[in-house]
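1. sequence first, then the predicted structure:
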Amino acid sequence: NPEGYSLQMIEAIIEQADLVSTEMNFKQVVDKSPLRKTLQVSSGLLGLVLIFTLLSPGNFNRSLYLFSHPLTSVQAPQKFFFSIAPGNAEVVKYSDVKIGITAEGQKPSKIDFYWRDGEGAWNEERLEKLDQRGAKGQLQDSVGTSKEYDFEYLFKQVKRDIDYYAQAEGIKSEQYKLKVTDKPRIINLKLTLNYPQYTQLKPLVLDQNDGNIEALAGTKVKIAASANKELSKGNLVFYDSSKTQMKIDGKKATGEILVRKDDTYHLEVEDKSGNKNPDPIEYKITKKDDLSPQVEILQPGEDRDLT
């Protein structure tokens, strides 16, 4: 007590403070509601940040970077993005291919469409928005669903591979390629005739690229065909539309026909893209009836008297 205060007075003040404090409710004296509101707001903001981070981590990281680098120049977001169908695709030679283009966002009224076949020079076409011409483009997708597009371009009777892309207001789409492929075609045909066992005839191989069959009833005909490309399936299709499945090995297809009656057939093959051979040749099956046995006496070969 360097100040020299009365010790009795100090003790009296302490007793009085203790008496007053025992009668007070500190929970009522201290108002915690501002602290609670602050905690609630902070928790809500933290929850929103976590949701934003989970849903769009790229945007969150970009926002965090820009916040921590206030002097960095920010590029304005694109007005629109191109969506183009069919994109990269395999198409059949000499077919017509329609390109459908959609601009997602602030749609431009015109776009420039660029294309080239093979390694030739780029061609440029100005396309106007379809609904400005009183029409709305529609295109069938791979599952047959009709879709609407803002712009269209039609390639007629495509013969070579085509590269293409779209551009408008300085915004360029990805570059896509149409890869042209031939339909499958039979380029070689060989028949092997295995006659009924009782005839004792040796197998006959016909390698003349002719599928017409003329054979005894009961003859098994092995058919070996070669195509111009890899195959996924093949069938022998008869006059009554019945089918016999062929075995496939790369570009080759083999099958068998048992000659029972006069009939016709053709070969139906399909490549790995689902394209079938166009206008298959119809071949004839002609059943030959076996002749009745004939007996000829070779010796003595003349009339004789047996006496």
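-> Sure, I can see it.
2. what does the host helix or strand of residue 264 rub up against?
-> For residue 264, the enclosing helix or strand under DSSP states H and E is strand 263-271. Strand 263-271 is touched from outside by 181, 183-184, 186, 189, 211, 223, 225, 227, 229-239, 243, 246, 253, 257, 276-277, 280-285, with contacts defined as CB atoms under 8 Å, 6 or more residues apart in numbering. C-beta coordinates here come from the backbone N, C-alpha and C atoms, glycine included.
3. mind checking which of those residues land in helices?
-> Using DSSP state H, no member of the contacts of strand 263-271 sits in helices.
4. can you flag the buried ones in these?
-> Neighbour counting with 16 or more other CB atoms under 10 Å marks 181, 183-184, 186, 189, 211, 223, 225, 227, 229, 231, 234-237, 246, 253, 257, 277, 280, 283, 285 as buried within the contacts of strand 263-271.
5. mind picking out the helix or strand in this structure with the poorest mean pLDDT?
-> strand 137-140 (a mean of 48; mean pLDDT, DSSP states H and E).
6. ok so residue 152 is a helix residue?
-> No - counting by DSSP: H, G, I helix; E, B strand; the rest coil, residue 152 is not part of a helix but strand.
7. need the contact list for the closest residue to residue 264 other than its chain neighbours.
-> In space, and not counting its chain neighbours, residue 264 is closest to residue 239: 4.6 Å by CB to CB, 6 or more residues apart in numbering. By CB under 8 Å, 6+ apart, the residues touching residue 239 are 263, 264, 265.
8. output the residues you listed as CSV; include the columns neighbour count.
-> Below are these laid out as CSV (neighbours: other CB atoms under 10 Å):
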residue, neighbour count
263, 17
264, 14
265, 26
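9. going by distance to residue 16, which of these wins?
-> residue 265 (120.4 Å; CB to CB).
10. any idea how far residue 228 is from that closest one?
-> 21 Å (CB to CB, to the nearest Å).
11. what of residue 160?
-> From residue 160 to residue 228 the distance is 17 Å (CB to CB).
12. gap between residue 18 and residue 276?
-> 103 Å.
13. burial of residue 55, as a residue count?
-> When counting by other CB atoms under 10 Å, one arrives at 9 neighbours for residue 55.
14. what's across from the nearest residue to residue 243 once chain neighbours are set aside in the sheet?
-> Setting aside the residues directly before and after it, residue 243 is nearest to residue 235 in space (CB to CB, 6+ apart), at 4.4 Å. In this entry, residue 235 is beta-bridged to residue 245, residue 268, by DSSP bridges.
15. which parts of the stretch 1-150 of the chain are strands?
-> Along the stretch 1-150 of the chain, counting by DSSP state E, counting those that start in this stretch, strands occupy 80-85, 89-92, 97-105, 110-117, 123-128, 137-140, 146-149.
16. looking at those strands, which is nearest to residue 39?
-> That would be strand 97-105 among the strands of the stretch 1-150 of the chain, by CB to CB, at 40.5 Å.
17. so which bits of that closest one are buried?
-> 97, 98, 99, 100, 101, 102, 103.
18. which residues touch the closest residue to the second one other than its chain neighbours?
-> Counting by CB to CB, 6+ apart, the nearest residue to residue 98 once its immediate chain neighbours are dropped is residue 154, at 5.1 Å. With contact taken as CB under 8 Å, 6+ apart, residue 154 is in contact with 96, 97, 98, 99.
19. I'd assumed residue 110 was in contact with residue 128.
-> Yes - using CB atoms under 8 Å, residue 128 is in contact with residue 110, at 5.5 Å.
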